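>>> need coordinates for the following:
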Amino acid sequence: MSILVRDAGLRDVPTLVRLRLANAERHVQLDPTIYRVPDVEAVRRHFEEVLAADSKVLILVAELAGDVVGMAEVILLADPPAHQILAARRAAEIHTVVLDGHRGAGIGAALVSAAEHAAAERGVTIMHAGIFAPNEGAIRIKPMTGADDLARSPYEPSRRRSPAATRTVQEWRW
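Below you'll find the model as predicted:
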């Protein structure tokens, strides 16, 4: 079966809510002191707002046999202010979700690849993913995608562990 990755629309809001809540439940299982399950209505309002025109959030969904089984949320970040020393580069954060039962089938990799391309079309040259270290599936997918594309793309993935080793920060540059 082939994976179809497409832009999310308002008709996807109920599914996006389901994906967000499933992701939250999975993360609460990893560490309930860090994560929580958000209010359903707050999640619904968030997706309705970001799917409106002129949003700084890009949402892609992955379909398998007509069912949405994953999503990528790309949050476009503001350029550093003129008074800071950091060179102005368009950056984004990426968050991905793949439903249980569909992990390991290339869906996450397809979402990340499509998100990279969508972000690059909007001038993004660097993308970050913060991943809770016990979430081994997510840690595997991000560098795997970059490594697979490294020969074809001019960006370089890197991984750094925070001092507490509770989050892995992954960064792509192109």
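
>>> excluding its backbone neighbours, what's nearest residue 58?
Among residues not flanking residue 58 along the chain, residue 74 sits closest, at 4.2 Å (Cβ to Cβ, 6 or more residues apart in numbering). For glycine as for every other residue, the C-beta is placed from the backbone atoms N, C-alpha and C.

>>> next one: that neighbour from residue 125, what distance?
Applying Cβ to Cβ, to the nearest Å, one obtains 13 Å for the distance of residue 74 from residue 125.

>>> so for those two, which sits in the more crowded spot?
In this view residue 74 and residue 125 are compared by other Cβ atoms under 10 Å, and residue 74 has more residues nearby, 24 against 15.

>>> buried set for stretch 9-25?
12, 13, 15, 16, 17, 18, 19, 20, 21, 23, 24 (16 or more other Cβ atoms under 10 Å).

>>> sorry, back to before: thinking the residue nearest to residue 58 is in contact with residue 128, fair?
No. Contact criterion Cβ atoms under 8 Å: residue 74 and residue 128 do not qualify, at 10.5 Å.

>>> intersection of neighbour lists for those two?
Between them, residue 74 and residue 128 have 92, 93, 94 as joint contacts when contacts are counted by Cβ atoms under 8 Å, 6 or more residues apart in numbering.

>>> I'd like the mean pLDDT over the strand or helix carrying the last one, please.
Counting by DSSP states H and E, the element that carries residue 94 is strand 91-98. Average pLDDT, strand 91-98: 91.

>>> tell me what it is packed against?
Judged by 3 or more Cβ pairs under 8 Å, 6 or more residues apart in numbering; DSSP states H and E, the packing partners of strand 91-98 are helix 13-30, strand 67-76, helix 107-121, strand 126-132, helix 136-149.

>>> the first one vs strand 126-132, what angle?
It refers to helix 13-30. Using axes from the mean of the first three to the mean of the last three Cα atoms, to 10 degrees, the inter-axis angle of helix 13-30 relative to strand 126-132 is 50 degrees.

>>> list the contacts of helix 13-30.
Looking at what lies outside helix 13-30 - Cβ under 8 Å, 6+ apart - the contacts are 8, 34-38, 40, 43-44, 47-48, 51, 59, 61, 68, 70-71, 97, 99-100, 132, 134-135.

>>> which of those are buried, as a PyMOL select command?
Of these, the buried ones can be selected in PyMOL as follows, counting by 16+ other Cβ under 10 Å:
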select buried, resi 8+35+43+47+51+59+61+68+70+71+97+99+132+135
